[in-house]
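J.: fold the stuff below for me.
(chains A and B, ligands or ions: 2)
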Protein chains: 2
Amino acid sequence: MEAAIKARRLIVRSFAAVILVGAVLLALPITSRGGGFTNFVDALFTSTSAVCVTGLIVKDTWDYWNFAGQFIIMLLIQFGGLSYLTITTFTLLLLTGARIGLRTRITLASQWNVNSLQGVVKLLGFTVRFALLVELIGALLLSITFIPYYLNSRGLAGGIWASVFDAVSAFNNAGFDIHGGFKSLSEFAQDPVVNLTIMGLIIAGGLGFVVWSEIFQKVRQKKFYFSLHTRIVLGVTLALIVLGALLIGIFEWNNPKTLGPLSIQGKILAAFFQSVTPRTAGFATINHGYATLPTLLITMLLMFIGGSPGGTAGGIKTTTFFSVFQYIKAVLTGSSRVHVAHRTIKWSILDTANAILILNMTIAVISIVLLSVFEPALHLHQIAFEVFSALGTVGLTTGITPNLSVASKIVLILTMFVGRVGVFTILTGYIFRPELPSYTYPEEDIIVG
Amino acid sequence: MEAAIKARRLIVRSFAAVILVGAVLLALPITSRGGGFTNFVDALFTSTSAVCVTGLIVKDTWDYWNFAGQFIIMLLIQFGGLSYLTITTFTLLLLTGARIGLRTRITLASQWNVNSLQGVVKLLGFTVRFALLVELIGALLLSITFIPYYLNSRGLAGGIWASVFDAVSAFNNAGFDIHGGFKSLSEFAQDPVVNLTIMGLIIAGGLGFVVWSEIFQKVRQKKFYFSLHTRIVLGVTLALIVLGALLIGIFEWNNPKTLGPLSIQGKILAAFFQSVTPRTAGFATINHGYATLPTLLITMLLMFIGGSPGGTAGGIKTTTFFSVFQYIKAVLTGSSRVHVAHRTIKWSILDTANAILILNMTIAVISIVLLSVFEPALHLHQIAFEVFSALGTVGLTTGITPNLSVASKIVLILTMFVGRVGVFTILTGYIFRPELPSYTYPEEDIIVG
Ligand SMILES: [K+]
Ligand SMILES: [K+]
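T.: Ligands and ions are numbered 1, 2, ... in the order given. Below is the predicted model:
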């Protein structure tokens, strides 16, 4: 168990270290367009948001930061996304107990050896190659729109830079963009190339490396029987995207400030985009400041659930959501076993899933209460949306981020950090120690509910 | 198990039947001051709110209903409160599994026999006598203030009637009052007799019959070693009241529309009152429409947790909250046992507690989304406050209830019903059947979080 704790502390410390280095660089005059020092809390907020691949911003990435600043932000995103992938997978291997059993079923993982660095190096190689390849394809596709769009205003290099930056940001589910004016992708709401490419990059990064490596492996072997993990990830992801698009489409169809003015195809495209982006990309093609309350609530739910584990996505994860659902069903039927597709899911995994759900809910409530204290002028829906966005490392906003107080910014910095590193990782790495008492007390019942 | 299902259906049907009878009576001209028929949805809302001892009202109880109407509402409250007590305890006895073990530790329960009606009749007798005695004492104390207060406007009978009605409503945690103008007890914010009596009645009803019978028994025997259940109930109740009062006091201290104008003693009294009432009485001595957002959020949390089981209170219950907390701690430490005060709590009880928490959270989210669709003009904090109030059968409001649409009223009627009867009771009584498959599948792990 000591190895697991060390691994968790390594994750916490490596994230914190990179964030601090990024914050110092972004505070220096060399990274801002104005050429002055940047307020340290704002630099820290930006660095945290980039490394935690969130995308909430207090300074517009294009308007405020110069090329050096934008380049550093891109590196921070790439480090946050990729490093997390590898550190996560590395940790999974080090962890004993619930998670290690996974390697017996995922064929790729069978070549990794917990005590050998060779497997990890191989994994790192695969991850980096996969990420760079997908980002390259994404950038090429985006440049079809962005090069002509920016030719007059920013020149050829400007169009290429926007394509590269957005591709890296989208694959890592970071949600940063360099289109200026806090507009995100709203100028491209009806552009099918931009929409489909960004959605593709988001989903590619969000499915998780474990799933992708299995898909690659299985396709190469022409065997199409996927692991339970992969089937749950794909099933829940598809269901949430379709259901989310349907509901958002219904709630915004005639809203003159969002989908209203678009063509029918445009509305459908934008509804799907707004359903994909909360899981947990953070790009937007509508202004959530004008969205209806039902849309904001559905979006908050999607942000809370988030993407899939072992990838670039945040949130409690699709598999956690699925596990809690199965757990509740089992408790209601008085069953002590959860059967899914002719497989049994261990009760300890369900317990972990519950704990993750309830702990994340608790963090969200605490952050919302704190922000409500520090921002007396804001409405609950704005505060809750911002907190779920930070916790799920999403980056969507109703537009309140730049005007928040210093106290609120610090709360959100901590929320982003906890959301990315994981409340479970932090608590089991630093506060809660494995307890295996050798004694036992007599049982006594209490009445609940 | 079949007996447990029958008992659950009995609870659901008996509540529904009494609500319908009440709704019909309240719809008739004989019960309204105006002498006309009352809109059936409003009558149903009022009847549901009374039987479910919630206290949300669409028509002010004093201004709209005549004496017959008020008397019927009081009977519905008494039936809802008392009947629930007895039906709940009856059901606890019928249930096998997690809950039945309780009777081996609570001395009183040892005389009850699951298959004999005699024990239940005895229990019913105790409950009715206890309730009527406490209500009588409460009414006498309240009359010290109410008789002189209403002597000129309503006469002696008016003062007595207000005392009796409020005492019955407070003991049953119903939150109805007959002070007029949707004002609840705000005219008596600084009256110590009214405040302390109402708080006493609320806590007496909210602690649960199981706890009271044990306290009576132990005091008579001069043994002061209480059961785990009672100690948890008392500890959590005390902690939540003090913490709630502290936070609400801080957030409202200088609010000119709530605690601001009061004396220091008045502020402390009102802070405590506003901390006790969300669990789950529903009386108010401040206008929550003017409370700050942090106060509303803290109040929502207290409403969600609610009172203690087997009493007149709603919410997920203090013991459920405590169990979930212990569960999370156990999962974080990798422990398979929960030890509290030298006793072990069965894992199946923790599972039930988790399910209750998550199911109630789910119902709350669904209700909030539905109300957000039906009430485009309302803010999230108003909607969420109303839903948590209905689900916890509390009855506090920011003032939006009378102007809600018919669709929203129906959503709240269902939410109150689910909140009172219990989502667990409904789902296990009607939808989920015990499943004990004789086969088992191989285990396969998935990654969560
Ligand atoms: K993001
Ligand atoms: K109530």
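
J.: and chain A, which residues reach ligand 1?
T.: Within chain A, the positions near ligand 1 by C-beta under 5 Å from the ion are A:55, A:173, A:175, A:282, A:394-395. From N, CA and C alone the C-beta is placed, and that goes for glycine too.

J.: can you add pLDDT, secondary structure and distance to B:Gln70 and give the residues you listed back as TSV?
T.: Listed next are the residues of chain A next to ligand 1 as TSV, based on pLDDT from 0 to 100; DSSP: H, G, I helix; E, B strand; the rest coil; distance: C-beta to C-beta, whole Å:
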residue	pLDDT	secondary structure	distance to B:Gln70
A:Gly55	85	coil	56
A:Asn173	86	coil	58
A:Gly175	84	coil	57
A:Gly282	79	coil	55
A:Val394	88	coil	51
A:Gly395	86	coil	54
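
J.: give me the buried subset of those.
T.: By the neighbour-count criterion of 16 or more other C-beta atoms under 10 Å in any protein chain shown, these include these buried positions: A:55, A:173, A:175, A:282, A:394-395.

J.: what about A:Phe67, how many neighbours?
T.: Here the number of neighbours of A:Phe67 (other C-beta atoms under 10 Å in any protein chain shown) works out to 13.

J.: residues contacting it?
T.: Shown here is A:Phe67, whose contacts under the criterion C-beta atoms under 8 Å, 6 or more residues apart in numbering or on different chains are A:Trp161.

J.: separation between it and A:Asp166?
T.: From A:Phe67 across to A:Asp166, the span is 15 Å (C-beta to C-beta, to the nearest Å).

J.: what bits of chain A have low per-residue confidence?
T.: With pLDDT under 70 as the threshold, chain A has low-confidence stretches at A:1-4, A:7, A:83-126, A:208-210, A:310-311, A:434-449.

J.: swap in 50 and give it another go.
T.: Segments of chain A classed as low confidence (criterion: pLDDT under 50) are A:94-118.

J.: helices or strands up against the lengthiest helix in it?
T.: In chain A, assigned by DSSP state H, the helix with the most residues is helix A:117-171. For helix A:117-171, the packing partners by 3 or more C-beta pairs under 8 Å, 6 or more residues apart in numbering or on different chains; DSSP states H and E come out as helix A:67-78, helix A:84-94, helix A:192-206, helix A:209-221.

J.: I'd like to know which of the ones you listed lies nearest to A:Pro376.
T.: Proximity to A:Pro376 (C-beta to C-beta) singles out helix A:67-78 among these, at 31.7 Å.

J.: list the buried residues in that closest one.
T.: A:69-70, A:72-78.

J.: and those, which is closest to ligand 2?
T.: Closest approach between the buried residues of helix A:67-78 and ligand 2, by C-beta to the ion: A:Ile77, at 50.2 Å.

J.: can you give me every residue that contacts the closest one?
T.: The contact partners of A:Ile77, taken as C-beta under 8 Å, 6+ apart, are A:50-51, A:53, A:168-169, A:172, A:174, A:176.

J.: Provide a ChimeraX selection command restricted to the buried entries of the residues you listed.
T.: Only the buried members of the contacts of A:Ile77 end up in this ChimeraX selection, burial being decided by 16+ other C-beta under 10 Å:
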select /A:50,51,53,168,169,172,174,176
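
J.: can I get the contacts of A:Ile77 in TSV with distance to A:Asp63?
T.: As requested, the contacts of A:Ile77 are arranged in TSV below (distance: C-beta to C-beta, whole Å):
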residue	distance to A:Asp63
A:Ala50	16
A:Val51	21
A:Val53	21
A:Val168	19
A:Ser169	16
A:Asn172	22
A:Ala174	18
A:Phe176	13
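
J.: would you quantify the distance from the residue in the stretch 201-350 of chain A positioned nearest to ligand 2 to chain B?
T.: Going by C-beta to the ion, ligand 2 is nearest to A:Leu297 of the stretch 201-350 of chain A, at 25.7 Å. Between A:Leu297 and chain B the distance is 5 Å, computed by C-beta to the nearest C-beta, to the nearest Å.

J.: which stretch of helix or strand covers that residue?
T.: When elements are assigned from DSSP states H and E, A:Leu297 belongs to helix A:293-305.

J.: who are the packing partners of that helix?
T.: The helices and strands touching helix A:293-305, judged by 3+ C-beta pairs under 8 Å, 6+ apart, are helix A:228-252, helix A:264-276, helix A:380-391, helix B:347-374, helix B:380-391.

J.: so A:Leu228 makes contact with A:Val338?
T.: No: contact status for A:Leu228 versus A:Val338: not in contact, 11.2 Å apart, counting by C-beta atoms under 8 Å.

J.: redo the helices and strands packed on helix A:117-171 as TSV? Include distance to ligand 2.
T.: What follows is the helices and strands packed on helix A:117-171, written out as TSV (distance: least, C-beta to the ion, whole Å):
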stretch	distance to ligand 2
helix A:67-78	50
helix A:84-94	47
helix A:192-206	44
helix A:209-221	48
